[in-house]
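Chemist: Sharing a model that was predicted from the sequence below.
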Amino acid sequence: MDNTRRNFLGTAAIGALAISTAAQAAEPVGYAAGNDKGKPGEGGAAYDSKQLPPGAKVAYHNPEDVGAMPEFHYSMDATAPKVTSGGWAKEATVHHFPIAKGIASVHMFLDPGASRELHWHAIAAEWAFVIDGQCQTVVVTPEGTSEINNYKPGDLWFFPKGHGHSIQTIGDKPCHFLLQFDNGAFSEHGTFSITDWVNVTPKEMLGMDFGLPADAFDAFPKGETYIQSGPVIPVSDAMDSPWPKEITHKFRLLTDSRAVREFDGGSFRVATVDEWPISKDFSGGIMTIKPGQMRKMHWNPNANENQYYLKGKGQVALFGSGGRGKVAEFNPGDVCYIPQGFGHAIKNIGTDDLVIIQTWDAGKLEEIDLTTWIQKSPKYLVSNNFPGVPDATLGKLRS
């Protein structure tokens, strides 16, 4: 294990967060690779266990014991889009981005008047953040209820797994949004679309189902339209009839006061199942970090985290246990994936605000900050964890 990785944990633990991969820390005193390994059988067994002479001051970790640190950066918007008559879509799934086992991402762009046809997802729920423009969704539930909602930038929608839905641009401006799915294997190429279904079903069966002659289906599309162009729908003509209100699929993230969670160095708006009861499978929102500031070191004990970079330049330091640490930089259009339980921090290294759409594949958002943990631990425990660190420094850690 090289010096950068070995010292990442120590530096992280005292809150300094060594961002520069070029900086080399001094090798721990008394360190020698493998000198914390005893001989087979030493120390006894069960009740007959015995104290051993002191070993290395700093434990040696062979990364091969845990596995290589995974790549957690993916330039989704630099990939080739799937283009149809009414817009395009780009995606990041576990097939392109192996670390992303829990969450798949899609950036979708609809031209004015275009619609993402009626469809459903068999293996994943859908969470969305509207980036720009306006659109309308229609969703039907297994109970036979339906809901129509209109969306503006910053609004969210959530569709449970298997619920039928569609998306259509309203107004004369394109609309695009980030979609998140709680299954990394999900792909936009694998959605269940109605034109695709009609195309592969015998016409006689279609005729029986809809009460039409079989040849009436000769005029239907020969394949999946996916995103279909169409006439512009003025916003004033777009229906807006949510039902029932108490289980609405829509959340106004930028205007709902329940979403606000401020932190030093920036702002955060998030909707969890507590604020938005239908969103049982996802928490998500938007974080802004000021230049030179950071979201402090923390981990999520109950969920994977996905980050989509909207604006600015960010740097993420990821801690993966076993002496493994990795640092990567992110630009607009990039995706960052943090596996459940991995320690991480996000820093704004640009001159503009850093704006990130973040999601977690759990209705409850759970976070633990490293500083909080240290502050709530006894002074003698913190001192024992960091031998040789001056008391004055330890005191500042706990202040």
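Modeler: Looks like it came in fine.

Chemist: Below-threshold pLDDT in the stretch 1-150 of the chain: ranges please.
Modeler: Counting by pLDDT under 70, the ranges of the stretch 1-150 of the chain that qualify are 1-35.

Chemist: which stretches of it form helices?
Modeler: According to DSSP state H, counting those that start in this stretch, the stretch 1-150 of the chain carries its helices in the segments 3-13.

Chemist: In stretch 331-340, which residues are buried?
Modeler: Across stretch 331-340, burial judged by 16 or more other Cβ atoms under 10 Å covers 333-340. Placement of C-beta: from N, CA and C, glycine included.

Chemist: now Thr393, what's its secondary structure?
Modeler: Three-state call for Thr393 (DSSP: H, G, I helix; E, B strand; the rest coil): helix.

Chemist: show me where the stretch 101-250 of the chain has strands.
Modeler: All strands of the stretch 101-250 of the chain, identified by DSSP state E, counting those that start in this stretch, fall at 104-110, 115-120, 126-132, 135-140, 146-151, 155-159, 164-169, 175-181, 192-193, 227-228, 250-252.

Chemist: so how far is stretch 169-189 from its chain's centroid?
Modeler: The chain centre lies 14 Å from the centre of stretch 169-189; the measure is Cα atoms, centre = their mean, to the nearest Å.

Chemist: What's the end-to-end length of it?
Modeler: Criterion Cα to Cα, to the nearest Å; first-to-last residue distance in stretch 169-189 is 21 Å.

Chemist: Likewise for stretch 260-273?
Modeler: End-to-end distance for stretch 260-273, by Cα to Cα: 14 Å.

Chemist: Can you give the contact residues for that stretch?
Modeler: For stretch 260-273, contacts defined as Cβ atoms under 8 Å, 6 or more residues apart in numbering pick out 156, 251, 253-254, 256, 258-259, 279-280, 283-290, 293-296, 348, 353-354, 358, 363-365.

Chemist: List only buried entries from these.
Modeler: Neighbour-count burial (16+ other Cβ under 10 Å) applied to the contacts of stretch 260-273 gives 156, 251, 253, 259, 279, 283-289, 293-296, 348, 353-354, 358, 363, 365.

Chemist: residue ranges with poor pLDDT in the stretch 201-350 of the chain?
Modeler: Scanning the stretch 201-350 of the chain for pLDDT under 70 picks out the ranges 243.

Chemist: ok, 80 please
Modeler: Within the stretch 201-350 of the chain, the stretches with pLDDT under 80 are 241-247.

Chemist: Which of the buried ones among the contacts of stretch 260-273 fall within strands?
Modeler: Counting by DSSP state E, the buried ones among the contacts of stretch 260-273 place 156, 251, 283-289, 294-296, 348, 354, 358 in strands.

Chemist: Nearest to His61 among those residues?
Modeler: Proximity of those to His61 (Cβ to Cβ) peaks at Lys296, which lies at 24.3 Å.

Chemist: do you know how far the closest residue to Ala80 other than its chain neighbours is from Ala45?
Modeler: What sits nearest to Ala80 in space, not counting adjacent residues and going by Cβ to Cβ, 6 or more residues apart in numbering, is Lys90, at 7.7 Å. To Ala45, Lys90 is 56 Å away according to Cβ to Cβ, to the nearest Å.

Chemist: more neighbours, these two?
Modeler: Between Lys90 and Ala45, Lys90 has the larger neighbour count (other Cβ atoms under 10 Å), namely 19 against 8.

Chemist: Report the contact partners of that one.
Modeler: Lys90 sits next to 76-77, 79-82, 106-107 when contact means Cβ under 8 Å, 6+ apart.

Chemist: Please list only the buried members of the residues you listed.
Modeler: 76-77, 82, 106-107.

Chemist: show me what contacts the closest residue to Trp299 other than its chain neighbours?
Modeler: Excluding the flanking residues, the one nearest Trp299 by Cβ to Cβ, 6+ apart is Gly343, at 4.7 Å. Gly343 sits next to 12, 297-299, 318-319, 370 when contact means Cβ under 8 Å, 6+ apart.

Chemist: can you pick the most crowded of those residues?
Modeler: Using other Cβ under 10 Å as the neighbour test, those are led by Leu318, with 23 neighbours.

Chemist: Let me see the residues that make contact with the helix or strand hosting that one.
Modeler: Leu318 is located in strand 314-319, with elements delineated by DSSP states H and E. Residues from elsewhere that reach strand 314-319, judged by Cβ under 8 Å, 6+ apart: 8-9, 12, 17-19, 69, 72-73, 289, 297, 307, 325-330, 336, 338, 342-350, 354, 356.

Chemist: Got the phi and psi for the nearest residue in space to Glu305 that is not next to it in sequence?
Modeler: Nearest residue to Glu305, sequence neighbours excluded (Cβ to Cβ, 6+ apart): Ile338, at 4.0 Å. As for Ile338, its main-chain torsions (degrees, to the nearest 10) stand at phi -110, psi 110.

Chemist: what's the residue nearest the centre of the chain in contact with, if anything?
Modeler: Geometric centre of the chain, nearest residue: Asn306, 1.5 Å, by Cα atoms, centre = their mean. Going by Cβ under 8 Å, 6+ apart, Asn306 touches 100, 103, 105, 180, 335-338, 358-361.
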